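K.L.:
I would like the atomic coordinates for the input below:
(2 chains)
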Amino acid sequence: AQKVTQAQTEISVVEKEDVTLDCVYETRDTTYYLFWYKQPPSGELVFLIRRNSFDEQNEISGRYSWNFQKSTSSFNFTITASQVVDSAVYFCALAYNQGGKLIFGQGTELSVKP
Amino acid sequence: GAGVSQSPSNKVTEKGKDVELRCDPISGHTALYWYRQSLGQGLEFLIYFQGNSAPDKSGLPSDRFSAERTGGSVSTLTIQRTQQEDSAVYLCASSLGRYYTQKDEQYFGPGTRLTVT
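P.N.:
Model (predicted):
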C-alpha cells in the first residue's frame, strides 16, 4: 500500500525554537518522489521541496532543512529558529506512478507563538 | 506569471442540485489534477489530466462526479445531485507534466469551498 503518515497532528513552539516535523512513507516502488507543502491560514498550498528516491542527500534552504532516510522510510522537515510566519499546516506527500498523483499525509499543524 | 486560478471561490448549493467548478492552470502546464480537502478525509486525489485525456480517474468517489478538460487548458469538475458529504474544498493543481512522470511539482490554486445545505 502507498501511504504517508504524519504522526504529529499539532505542534506548538515558541518563536526561535527549532522544530522537526516527521513524515514516514510506505511504497513498493523503487522510483518515487517525496514532497513537502505548506498551507498557511490563507488556505493555498505552497510547494516547498521535492526529493527523488535516488537522492538521499539532505537539503538546506535558509531556515528549512530536510532529512531523507530510505532505511527508515522517513522524510523529516526541520525549521530552525522558527518564526510566527511559519505557523501553518504542513503536508508531506508521495508521488509514485505515472502521472504523479500525490498521496498526502494528514498534515501537521504548526503554531509558533511570539 | 499567473498562478492556478479557480472559480467560484465559494459555492453554496442545495442538496440535489448540480454544480460546476472551474480551474485555469498555469499556462504551458500539460498536467492538471483535482483534489478534495475535507476535515474527515484530509487531502484526497480525484482525477488527473494529461492534455485533454484523463489517464487516472481512480479518485472520483462516485459516478455523480465527472470532469473534463478542453484545449489542454481549462478544466471543469461537475458534481451532479450534490449530497451533504460533498461539502469540502476542491483544489486544482497543475504541473509541467514532462514525459508523463511523477517528478514535477504541482502548483495549487486557492480552491473552491463547496457547501451543500
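
K.L.:
hang on, isn't A:Lys25 packed against A:Phe75?
P.N.:
Quick fix: residue A:25 is Tyr, not Lys. Yes. Counting by C-beta atoms under 8 Å, A:Tyr25 sits close enough to A:Phe75 to count as a contact (6.6 Å). The C-beta positions use only the backbone N, C-alpha and C, and glycine is treated the same way.

K.L.:
higher neighbour count, those two?
P.N.:
Using other C-beta atoms under 10 Å in any protein chain shown, the more surrounded residue of A:Tyr25 and A:Phe75 is A:Phe75, with 26 against 22.

K.L.:
circling back to that earlier point, what residues are shared contacts of A:Tyr25 and A:Phe75?
P.N.:
Common contacts of A:Tyr25 and A:Phe75 (C-beta atoms under 8 Å, 6 or more residues apart in numbering or on different chains): A:Leu34, A:Cys92.

K.L.:
quick one: the residue nearest to B:Glu68 when sequence neighbours are not counted from A:Phe104, how far?
P.N.:
Nearest residue to B:Glu68, sequence neighbours excluded (C-beta to C-beta, 6 or more residues apart in numbering or on different chains): B:Thr76, at 5.8 Å. Distance from B:Thr76 to A:Phe104, counting by C-beta to C-beta, to the nearest Å: 23 Å.

K.L.:
now swap in A:Lys16 and tell me
P.N.:
Separation of A:Lys16 from A:Phe104 (C-beta to C-beta): 29 Å.

K.L.:
quick check: the residue most central in space within chain B vs A:Gln69, distance?
P.N.:
Compute the mean C-alpha point of chain B, and by C-alpha atoms, centre = their mean the closest residue is B:Trp34, 2.9 Å away. Computed as C-beta to C-beta, the B:Trp34 to A:Gln69 distance reads 32 Å.

K.L.:
with A:Ala1 instead?
P.N.:
Taking C-beta to C-beta as the criterion, A:Ala1 is separated from A:Gln69 by 20 Å.

K.L.:
need the residues of chain A near chain B, please.
P.N.:
A:32-33, A:35, A:37, A:42-47, A:50, A:52, A:91, A:95-107 (C-beta under 8 Å from any C-beta of the partner chain).

K.L.:
strands - which of those residues land there?
P.N.:
Under the assignment DSSP state E, the residues of chain A next to chain B contribute A:Tyr33, A:Phe35, A:Tyr37, A:Val46, A:Phe47, A:Arg50, A:Asn52, A:Phe91, A:Ala95, A:Ile103, A:Phe104 to strands.

K.L.:
widest-spaced pair of those residues?
P.N.:
By the measure C-beta to C-beta, A:Val46 and A:Asn52 form the most distant pair in these, at 20.3 Å.

K.L.:
between A:Ala1 and A:Gln69, who's got more neighbours?
P.N.:
The residue with more neighbours, out of A:Ala1 and A:Gln69, is A:Gln69; 11 against 6, by other C-beta under 10 Å.

K.L.:
so the more buried one touches A:Asn58, yeah?
P.N.:
No. Under the criterion of C-beta under 8 Å, A:Gln69 is not in contact with A:Asn58, lying 9.2 Å apart.

K.L.:
if anything else comes up later, I'll come back, but that's it for now.
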